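S.K.: Quick one, what's the 3D model for this:
(chains A and B)
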Amino acid sequence: MGAEIEFPVEGMDEKIRVFTTRPDTLFGVTFVSLAAEHPLVERLVRADPKGYDIVQFIQNMKKSRLSEKDRALIEKEGVFLNHYVTNPLNGERVQIWVANYALMEYGTGAVMAVPAHDQRDFEFAKKYDLPIKVVIQPKGETLDPSIMSEAYEYDGIQVSSGLFDGMENQCAKKAITEHLEKNAWGSGKIQYRLRDWLLSRQRYWGAAIPIIYCEKCGEVPVPEEDLPVRLPENVTFVKEGGNPLARTDEFIHAKCPRCHQDARRETDTMDTFVDSSWYFLRFLSNREDKKVFDQKTVNAWLPIDLYIGGIEHATMHLIYFRFFTKVLHDLGLIGFDEPAKRLFCQGMVCKTAYYSEEDKWLTQDEVTKKVKDGKTVLISKKSGSCVSSEIAKMSKTKLNTVNPDEIFDRFGADTVRLYMLSDAPPDRDQIWSEEGVMGAHRFIQRFWRLFEEQGARFQRGESYDGDGSDLDKSSRHLWRKTHETIQKFTSDVEGNFQFNTAISKVMELLKELRNHLEANAGVVRETFQTMILLLAPIIPHVSEELWQKFGNKESVFKAHWPEVRECALEKDEVEIVFQINGKLKNKKTVPMDLDVKALEQLVLGDEKMKSALEGKQVLKVICVKNKLANVVAK
RNA sequence: GCCGAAGUGGCGGAAUGGCAGACGCGCUAGGUUCAGAACCUAGUGGUGGCAACAUCGUGGGGGUUCGACUCCCCCCUUCGGCACCA
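M.R.: Numbers count the residues shown, from 1 in each chain, chains lettered A, B, ... in the order given. Here you go, the predicted model:
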């Protein structure tokens, strides 16, 4: 939000329009910067005797069209155009410059420069020795332009601002804009910033852009009845050959739809984000041959419940995907405004990458450790040079990928699945570790071996289905653990895909099972089966095989998800934590639901607590049922 | 600069405001073994102590609370995305 202001050019019947978010600094304008591509630049230079040098400079500036990222880093440069504009507000005469930091794509392509209150203008003014005029003073401080080391971009009180002196700058923003409007010098304006999509790609893989170039008629759209433009299939891909479509004559040659003369077809294709922004609609009604999608079907199934993607999808694809949806919604073609209800960003898989000045990127095998001056350093086996390491997203460039085939051969796909799901929560980046893979593999082997060694006894018979009252202590314990695991596993996975904690619960259950193999056979059988069922989505091959060995005829994937039995979760004892001033001092197992009064007596009567409380005055006892007792003492 | 995420052992990471470090890796000791691998058992945050135990400890500083990794305020660092956007 800001204002657009017109600066009359001296000696010409022209005005330079600028956009600013800081109309309050209008009195501090000391020059105006134009983008090199600004339409007025050429006309201002033409009449100038020194014009040639300036044109040269501007040409160079235009040539060095860098990517947006690089442009942010280069130094500010510019040239004075030997022309002036008048500040409408105070009649001051200020120079017109062309500057490389002014962007034609944004606003009007012209900047009113206020070096005292804008860092970019400040840097530019310092370089070319242009005046700096302070018009906003911070409270309790006085800025001196001659000693300022950076622009003051914050709030303050207006100074040297004519009738606005003494105003808070936030108020002055409004007041000055109103003043401009009254005198027809400018007006308030909201400026939107558009992201440059760069829709076209110079490659084969993408939808054709249905445009034909005609010498006479210009750019002509392909008529609707000729759509879609199909890509040729007999293209040849050549290394470094660029877009094969541009080398395929039969594709390029076309007749102009308007004048029927020879014409040329567009060979760029659309970014694949275009297709993936609407094909979810098509998927739902792929048998429609009269229209793109069926409204009823689409409205019934969509929006999508969950969008899972990496961060690059969230920032790139999602923008287009949402844009298409919003447009279709505004056109009344679909009944929803957002394509997905929930976004989940999964992390990336990273691994250590190695780099040396001499060899550039190195694989893990090409690097060795050496002790040098008591410190361990990395050395390249190739050249012996020093190697630095970083954790980076797996990429071919950085040579830090792992080959899945190799790991499948060594450990099997189940190991890889288990490792990837158990190592880190899915919304975080994962750092690949060979040891972690081994750990996952060992767990599977433990699981399998336990079955091999002990499973036979439980393959037949029924799982336990009593209410627990007939179970001995050990069986009761295992039974409860089994159902606690079902509960935790299910909620971890359903909530936020916390496979890592879910799996750790099964690992714990495996330990419990090994310690309670002599428990009730029905309970042990149930525990075995539960583990197989819970792990089936994680390690499908192993689970299916064990499931079959357990005498189940149907696939494990047709079985019901295990259900938690509330009666199994019940406990008759609970461990209570004893604290003094919030610090742990002792623990004791007490009957479930022991009332607070009894608990209080118990904690104060406890030997350990007594000795720890010696010489202290008990102020209060806080008891939380089935949890803790905290003695507040001084 | 803006937006987002994250800071907890040697490492990956756990903890509805209530036992910090589950589970896994690594490490140590013991068992098994001709030996190694694998496997099993136990231990494993720092400091002090033979020990029981004490004490400190979740990026830093404040605050709320009987009690804070967790809630509030301020700050620092790292990573990712966007960026001379006037």
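
S.K.: can you map out the strands along the stretch 1-150 of chain A?
M.R.: Counting by DSSP state E, counting those that start in this stretch, the stretch 1-150 of chain A has strands at residues A:2-8, A:15-20, A:31-34, A:78-86, A:93-99, A:110-113, A:136-137.

S.K.: Just put the ones you listed in TSV and tack on mean pLDDT.
M.R.: Below are those laid out as TSV (pLDDT from 0 to 100):
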stretch	mean pLDDT
strand A:2-8	86
strand A:15-20	88
strand A:31-34	89
strand A:78-86	86
strand A:93-99	89
strand A:110-113	88
strand A:136-137	84
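
S.K.: who touches A:Ile503 in this structure?
M.R.: Listed by Cβ atoms under 8 Å, 6 or more residues apart in numbering, the contact partners of A:Ile503 are A:418, A:421-422, A:535, A:538. Every residue, glycine included, has its C-beta placed from N, CA and C.

S.K.: Helices along the stretch 251-400 of chain A, start to end?
M.R.: Defined through DSSP state H, counting those that start in this stretch, the helices belonging to the stretch 251-400 of chain A, from first to last, are A:272-275, A:279-284, A:295-301, A:311-312, A:318-330.

S.K.: May I see the ones you listed organised as CSV, with mean pLDDT and distance to A:Gly455 added?
M.R.: Converted to CSV, the helices of the stretch 251-400 of chain A look like this (pLDDT from 0 to 100; distance: least, Cβ to Cβ, whole Å):
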stretch, mean pLDDT, distance to A:Gly455
helix A:272-275, 79, 50
helix A:279-284, 88, 43
helix A:295-301, 92, 43
helix A:311-312, 66, 44
helix A:318-330, 85, 48
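
S.K.: what's the closest of the ones you listed to A:Phe251?
M.R.: Each of the helices of the stretch 251-400 of chain A was checked against A:Phe251 via Cβ to Cβ, and the shortest separation belongs to helix A:272-275, namely 19.1 Å.

S.K.: Tabulate the CA atom coordinates of the closest one in CSV.
M.R.: In CSV, the C-alpha atoms belonging to helix A:272-275 read as follows (Å, rounded to 0.1, in the frame of the first residue of the first chain):
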residue,chain,number,x,y,z
THR,A,272,4.6,-29.3,-16.1
PHE,A,273,3.1,-27.4,-13.2
VAL,A,274,0.4,-26.4,-15.6
ASP,A,275,-0.8,-29.9,-16.1
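
S.K.: Flag every buried residue along it.
M.R.: By neighbour count, with 16 or more other Cβ atoms under 10 Å as the criterion, the buried positions of helix A:272-275 are A:273-274.

S.K.: Spell out whether it and RNA strand B are in contact.
M.R.: No - judged by Cβ under 7 Å from any atom of the strand, helix A:272-275 stays clear of RNA strand B, getting no closer than 13.0 Å.

S.K.: For that helix, name the packing helices and strands.
M.R.: Counting by 3 or more Cβ pairs under 8 Å, 6 or more residues apart in numbering; DSSP states H and E, the packing neighbours recorded for helix A:272-275 are helix A:318-330.

S.K.: Turn the contacts of A:Ile503 into TSV, including distance to RNA strand B and pLDDT.
M.R.: Supplementary listing: the contacts of A:Ile503 in TSV, determined by distance: Cβ to the nearest atom of the strand, whole Å; pLDDT from 0 to 100:
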residue	distance to RNA strand B	pLDDT
A:Leu418	10	92
A:Leu421	12	90
A:Ser422	7	89
A:Leu535	13	94
A:Ile538	13	93
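
S.K.: Out of those residues, which end up buried?
M.R.: Judged by neighbour count, with 16+ other Cβ under 10 Å as the criterion, the buried members of these are A:418, A:421-422, A:535, A:538.

S.K.: Cross-reference those with the helices and report the matches.
M.R.: With helices defined by DSSP state H, the entries of the buried ones among the contacts of A:Ile503 inside them are A:418, A:421-422, A:535.

S.K.: Mean neighbour count, the strands of the stretch 1-150 of chain A: which tops it?
M.R.: strand A:110-113 (a mean of 26; mean count of other Cβ atoms under 10 Å).

S.K.: circling back: want to try a markdown table for the strands of the stretch 1-150 of chain A, with distance to RNA strand B as columns?
M.R.: Putting these into a markdown table (distance: least, Cβ to the nearest atom of the strand, whole Å) gives the following:
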| stretch | distance to RNA strand B |
| --- | --- |
| strand A:2-8 | 5 |
| strand A:15-20 | 3 |
| strand A:31-34 | 7 |
| strand A:78-86 | 10 |
| strand A:93-99 | 8 |
| strand A:110-113 | 4 |
| strand A:136-137 | 14 |
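
S.K.: Take those and lay them out in JSON lines including distance to A:Asp467.
M.R.: Supplementary listing: the strands of the stretch 1-150 of chain A in JSON lines, determined by distance: least, Cβ to Cβ, whole Å:
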{"stretch": "strand A:2-8", "distance to A:Asp467": "73"}
{"stretch": "strand A:15-20", "distance to A:Asp467": "76"}
{"stretch": "strand A:31-34", "distance to A:Asp467": "82"}
{"stretch": "strand A:78-86", "distance to A:Asp467": "85"}
{"stretch": "strand A:93-99", "distance to A:Asp467": "82"}
{"stretch": "strand A:110-113", "distance to A:Asp467": "79"}
{"stretch": "strand A:136-137", "distance to A:Asp467": "78"}
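
S.K.: Need the residues that contact the lengthiest helix in chain A.
M.R.: For chain A, the helix with the greatest residue count under DSSP H is helix A:473-496. The contact list for helix A:473-496, computed with Cβ under 8 Å, 6+ apart, reads A:425, A:427, A:464, A:468, A:471, A:498-499, A:501-502, A:505-506, A:508-509, A:512-513, A:516, A:518-520, A:523-524, A:526-527, A:530, A:534, A:561-565, A:568-571.

S.K.: Serialize the ones in helices among the buried ones among the contacts of A:Ile503 to CSV and add fields for distance to A:Lys620.
M.R.: As requested, these are arranged in CSV below (distance: Cβ to Cβ, whole Å):
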residue, distance to A:Lys620
A:Leu418, 49
A:Leu421, 46
A:Ser422, 44
A:Leu535, 48
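
S.K.: Figure out which of the strands of the stretch 1-150 of chain A is closest to A:Gly206.
M.R.: Proximity to A:Gly206 (Cβ to Cβ) singles out strand A:15-20 among those, at 35.1 Å.

S.K.: Now do the helices in the stretch 1-150 of chain A.
M.R.: With DSSP H, counting those that start in this stretch as the definition, the stretch 1-150 of chain A shows helices at residue ranges A:39-46, A:51-63, A:68-71, A:119-128.

S.K.: Least confident of the ones you listed, on average?
M.R.: Mean pLDDT values for the helices of the stretch 1-150 of chain A show the minimum at helix A:68-71, a mean of 46.

S.K.: for RNA strand B, what are the nearby residues on the stretch 101-250 of chain A?
M.R.: Selection of the stretch 101-250 of chain A residues close to RNA strand B by Cβ under 7 Å from any atom of the strand yields A:101-112, A:118, A:120, A:123, A:191, A:193, A:195-196.

S.K.: Restrict those to the buried ones and give me that as a ChimeraX selection.
M.R.: To isolate the buried members of these in ChimeraX, using 16+ other Cβ under 10 Å:
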select /A:101,102,107,108,109,110,111,112,118,120,123
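
S.K.: hang on, the earlier thing: any chance of the helices of the stretch 1-150 of chain A in JSON lines, plus distance to A:Val493?
M.R.: Below are the helices of the stretch 1-150 of chain A laid out as JSON lines (distance: least, Cβ to Cβ, whole Å):
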{"stretch": "helix A:39-46", "distance to A:Val493": "60"}
{"stretch": "helix A:51-63", "distance to A:Val493": "57"}
{"stretch": "helix A:68-71", "distance to A:Val493": "40"}
{"stretch": "helix A:119-128", "distance to A:Val493": "49"}
